[in-house]
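Asks: need a 3D model of the following:
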Amino acid sequence: MLLWLTNQPAWHFVVLHVALQALFVARALLRPRREPAARMAWALVIIMAPVIGLLAYVLFGETNIGRKRVARARAAEAALPDPATIGVAPGTTKWPEVGPEYERLFHIGQSISGFDPVPGNRATLMADSDSAVDAMIADIDAARNHVHLAFYIWLPDNNGLKMVEALKRAAARGVTCRAMADDLGSRRLIRSPHWQAMKDAGIHVTMTLPIGNPFLRVTQGRIDLRNHRKILVIDNAITYCGSQNCADPAFLPKAKFAPWVDIMLRFEGPVVRQNQHLFAVDWMAETQEDLTFLFDDPLPPEQPGFVAQAIGTGPTVRPTAMPEVFTSLMYAARHELIVTTPYYVPDEPIQAALCASARRGVHTTVIFPERNDSWLVGAASRSYYDDLIEAGVRIHEYRGGLLHTKSITIDGKAALIGSANLDRRSFELNFENNILLVDDEMTAQIRARQHSYLAQSDAVSPGTVRNWHITTRLWNNALAMFGPIL
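Replies: Numbering: from 1, shown residues only. The predicted model follows:
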């Protein structure tokens, strides 16, 4: 075969390559549920970088998580109770009263994960990352039945190992502990002796989306699809949700951007069961262990509290799911909209929604980190500044570290917190979890945290953007052109 190839005229290879380019360009243009900008970006990559472009498309061009993985997830969802019943008191037929403007938001969430909004929830906003880990460990130390933990990044550093020891203590006293970590984000812990030590201590551990042999992995689905969720559920009574991974704020893999600044909330109430459901689907898809029994326990009597809803997105749901949540929140704002995100590579509807918010008189503020750990995303993000500022959006850059908090508050009444960023990766490639809530008091606390970020931020003025050197503008805008494939 090799001898035959070497004897072929050079023009044969040129024809073959052009044919392959045409085939892959056609495939990129014909892929369903993809924005025109994404189709164009991939077509340009394939044409402009002949060999590398073809290879890049094979590895990263399509959101394919693998048929077997999808089948396992669907089987888990079918085995578990109907999501519409999770956290809902038996006999309840009506949604709790939240007002028509917020009811529409919960309809979007319900169309994604199937969960109804549930009343009677309570939450505590953690003071900082270290306090959040300490609170989690205190709850794990008090656990009586089970501890379920899932993180994208779990490092073998001070906080990470404190969590490991807490799980060991819980397992030693007979608490069932299930710990799940993404094979890429948590590779340092998974490939350390601590992972095996957890197994030896009786902790059930599993890697999500294992990479294995990277050359074979591409035949089973796209290699960079990751489980970005951050979930802790204890005894069906407590859950944590937010942007924080299981690591020190110093975040040693990228220490020069530290500290990582996150938000984490501790929830009690029916929304805990919804986070439990998200965990159970992921766990059952990876291990095939039946966790349906977790939902046999009756709900405790309803207590006073706010209405909330868990929203889980990922490659197994429609790719527009998370953008629909974000844009719906932006269009629901009447007086004030505050957004914090470390990564901003929006689709056109999100950029338009932010601009429209400011243009209709809503006090619209967005807070980004001043220094981004991803120079590609940081540059692409700044390409959107000019249009946002022209529309009246107030942009601030946080200088106190890497602002990793993903949060939205609207009118001081509703808030969304969780793991999803305003970028294409969160929209199409990552499994994410968020909680939407409507409550004046809790939203006021989240809003106060956002204002603490503003106090450590610098406003980006129109003059600052206008004075960027032409090469900076060219670089930012060129990268933004390829935003759909970043």
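
Asks: OK, contacts around the spatially most central residue of the chain?
Replies: Centroid-nearest residue in the chain, with CA atoms, centre = their mean: residue 420, separated by 3.0 Å. Neighbour list for residue 420: 228, 313, 322, 406, 426, 430, 432, 434 [criterion: CB atoms under 8 Å, 6 or more residues apart in numbering]. Every C-beta, even on glycine, is put in place using the N, C-alpha and C of the backbone.

Asks: and it, helix, strand or coil?
Replies: coil (DSSP: H, G, I helix; E, B strand; the rest coil).

Asks: and it, how far is that from residue 436?
Replies: Distance of residue 420 to residue 436, given as CB to CB, to the nearest Å: 11 Å.

Asks: what ranges do the helices span in the stretch 1-150 of the chain?
Replies: Assigned by DSSP state H, counting those that start in this stretch, the helices in the stretch 1-150 of the chain fall at 2-6, 10-30, 36-48, 50-60, 67-79, 100-113, 129-141.

Asks: and those, which one's lowest on average pLDDT?
Replies: Mean pLDDT is lowest for helix 2-6 out of these, coming in at a mean of 46.

Asks: partner strands of the helix or strand hosting residue 178, parallel or antiparallel?
Replies: Under the criterion of DSSP states H and E, residue 178 resides in strand 176-182. Using DSSP bridges, the strands paired with strand 176-182 in its sheet are strand 146-151 (parallel), strand 204-208 (parallel).

Asks: that strand versus helix 129-141: what angle between them?
Replies: Orientation check (axes from the mean of the first three to the mean of the last three CA atoms, to 10 degrees): strand 176-182 against helix 129-141 gives 150 degrees.

Asks: now strand 176-182: how far from the chain's centre is it?
Replies: In terms of CA atoms, centre = their mean, to the nearest Å, the gap separating the centre of strand 176-182 from the centre of its chain is 18 Å.

Asks: what do you get for stretch 296-310?
Replies: Using CA atoms, centre = their mean, the offset of stretch 296-310 from its chain centre is 24 Å.

Asks: measure that stretch end to end?
Replies: 20 Å (CA to CA, to the nearest Å).

Asks: so what's the residue count around residue 169?
Replies: 16 (other CB atoms under 10 Å).

Asks: that one: what's its closest spatial neighbour, skipping adjacent residues?
Replies: Leaving aside its chain neighbours, residue 169 sits nearest to residue 141 (6.4 Å; criterion: CB to CB, 6 or more residues apart in numbering).

Asks: quick check: that neighbour touching residue 170?
Replies: Yes: judged on CB atoms under 8 Å, residue 141 makes contact with residue 170 at a distance of 7.1 Å.

Asks: which one of the two is surrounded by more residues?
Replies: Neighbour totals were compared for residue 141 and residue 170, and residue 170 leads with 24 against 13 (other CB under 10 Å).

Asks: tell me who's in contact with the more buried one.
Replies: Residue 170 touches 140-141, 143, 147, 177, counting by CB under 8 Å, 6+ apart.
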